[in-house]
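A.B. asks: Generate a structure from the sequence data that follows.
(chains A and B)
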Amino acid sequence: MGTKAYFMIKMAKRFADDSHYLDAVRELEAMPEVEAVTSVSGVCDFLVKVDAPIRTILVANKIRSKKWIESLRIMEVDTETEAAKAPEVTVAELLKK
Amino acid sequence: MGIKAYLMVKTKKTDGEDNRAIALKDLETMPEVEAAVPVLGEYDVIITVDTPAKAGLIAEKIESKGWLKNLRVLKVEPVQPNPFLDEVCSLPGGECVRWCMQCGMCSASCPNVNQMDYSPRKLIARIRAGRRYDVLSSNTMWICASCYLCTARCPKDVKITELMHSLERLSAQHGLLNKVVSTPAMYKAFVDSIKKNGRVHEIGIMMQFYLKTNPFAALQMLPVAMQLMIHRRVGIKPTKIKGLKQIKAILERAQALGGT
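C.D. replies: Numbering: from 1, shown residues only, chains lettered A, B, ... in the order given. I've put the predicted structure just below:
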């Protein structure tokens, strides 16, 4: 079973300077499981999109092992709801055309 | 246009029933919403918006909905880009670097991998990490035999052989040629021979190559050269082709287009 999820990552304050921040982005981008890394401002510092053929918890543990992580919150994509949504979108698009 | 903001939505639960389906239907009708992804966890829906102005507009609209429990806006902050990755992605074959999922099929297929500083998989990982010096000064691309086994077996259609050739050119342009490998000297000798004669002059190429790399190694090859000359497989004198000017024009054009 694969993983499709969004991780909300907060960086530890002592690592929150520019060079560490960029290193963190590069570290995440270099991970094969990570599809996209977006640096954001708000309740977290990074929103990471993960798409991998392994379990979510394994990817999360891999990211959690990094020393600059303060907190990581997982939001798994609800693939069932998304799949149910897909045909309606196609019909709507066809009607538009 | 790229994504400029994310809106994290938590829906209310009325009579134990989930309002997420209603929220998703509502969000679909909003023209400002780029995409709404249903998720499981702290939030129920993640909305992507392509302009920050729209994020505020949608936030206001959503706040008026009855199904909303909690809404958070995450504004996307630009980070310093990875210039090396961008540079590689602009090269022929380089655009595929972003597609690689690091399965290692290329490294497992490569017949020369044990001679390389970094396997093809590791090289791509280093490109994505922005390690310009590591990548361009490695011998990986020079060791590549262009057998296309990696390209044929790649599940994501990454054109690794083309990428290797592009990296060779980039390495030469940046003056970061690997000191150990002699492939660049061989390429130079080959192109010089073509420029001069319009075709390969084997003895000339090998003399130029060994003089630049290891003249003593030429002595070992001398018996082979003698045998080839006795059997008239190679000539001592170079022969020129008729349309030499055209060949030169092609090479000059290739150089003008970024060849080294």
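
A.B. asks: can you list the residues of the stretch 51-200 of chain B near chain A?
C.D. replies: B:72-80, B:82, B:100-103, B:125, B:128-130 (CB under 8 Å from any CB of the partner chain). The C-beta positions use only the backbone N, C-alpha and C, and glycine is treated the same way.

A.B. asks: Look through the stretch 51-200 of chain B and state the residue closest to chain A.
C.D. replies: Here the stretch 51-200 of chain B gets closest to chain A at one residue, residue B:102, 3.3 Å apart by CB to the nearest CB.

A.B. asks: who's in contact with that residue?
C.D. replies: Taking CB atoms under 8 Å, 6 or more residues apart in numbering or on different chains, we find residue B:102 in contact with A:32, B:121, B:124-125.

A.B. asks: Among those residues, which are located in strands?
C.D. replies: Using DSSP state E, no member of those falls within strands.

A.B. asks: Backbone torsions only: list them for the residue nearest the centre of chain B.
C.D. replies: Closest to where the C-alpha atoms of chain B average out (CA atoms, centre = their mean) is residue B:94, at 2.9 Å. For residue B:94, the backbone dihedrals (degrees, to the nearest 10) come out as phi -80, psi -20.

A.B. asks: Excluding chain neighbours, what is closest to it?
C.D. replies: Using CB to CB, 6 or more residues apart in numbering or on different chains and skipping the chain neighbours, the partner closest in space to residue B:94 is residue B:88 (4.3 Å).

A.B. asks: before we move on, what about residue B:156?
C.D. replies: The shortest distance from residue B:156 to any residue other than its chain neighbours is 4.6 Å, reached at residue B:99 (CB to CB, 6+ apart).

A.B. asks: The one you found touches residue B:157, doesn't it?
C.D. replies: Yes: under the criterion of CB atoms under 8 Å, residue B:99 is in contact with residue B:157, at a separation of 7.2 Å.

A.B. asks: Compare neighbour counts for those two and give me the winner.
C.D. replies: For residue B:99 versus residue B:157, neighbours defined as other CB atoms under 10 Å in any protein chain shown are more numerous around residue B:99 (13 against 8).

A.B. asks: quick one: contacts for the more buried one?
C.D. replies: With contacts defined as CB under 8 Å, 6+ apart, residue B:99 is in contact with B:156-158.

A.B. asks: Let me see the ranges of the strands in the chain.
C.D. replies: Since no chain was named, I'll use chain A. Along chain A, counting by DSSP E, strands occupy A:3-11, A:34-41, A:46-52, A:69-77.

A.B. asks: Actually, chain B is the one I wanted.
C.D. replies: With DSSP E, the ranges of strands along chain B come out as B:5-11, B:13-14, B:17-18, B:35-41, B:45-49, B:68-76.

A.B. asks: Low-confidence bits of the chain, can you list those?
C.D. replies: Using chain A. For chain A, the stretches flagged by pLDDT under 70 are A:1, A:16-19, A:82-97.

A.B. asks: Chain B was what I was after
C.D. replies: Scanning chain B with the threshold set as pLDDT under 70 gives B:1-3, B:15-16, B:52-54, B:80-81, B:259-260.

A.B. asks: tell me the domain ranges of it?
C.D. replies: For chain B, automatic domain parsing gives the domain ranges B:5-75, B:83-173, B:183-256.

A.B. asks: So which of the ones you listed is nearest residue A:23?
C.D. replies: For these, proximity to residue A:23 was assessed by CB to CB; domain B:83-173 is nearest, at 9.6 Å.

A.B. asks: how long is that closest one from one end to the other?
C.D. replies: This stretch, domain B:83-173, spans 16 Å end to end (CA to CA, to the nearest Å).

A.B. asks: With stretch B:63-72 instead?
C.D. replies: With CA to CA as the measure, the ends of stretch B:63-72 fall 11 Å from one another.

A.B. asks: what about it, distance to the chain center?
C.D. replies: Put simply, stretch B:63-72 sits 44 Å off its chain's centre (CA atoms, centre = their mean, to the nearest Å).

A.B. asks: Ok, stretch B:83-99 next?
C.D. replies: That offset, for stretch B:83-99, works out to 4 Å (CA atoms, centre = their mean).
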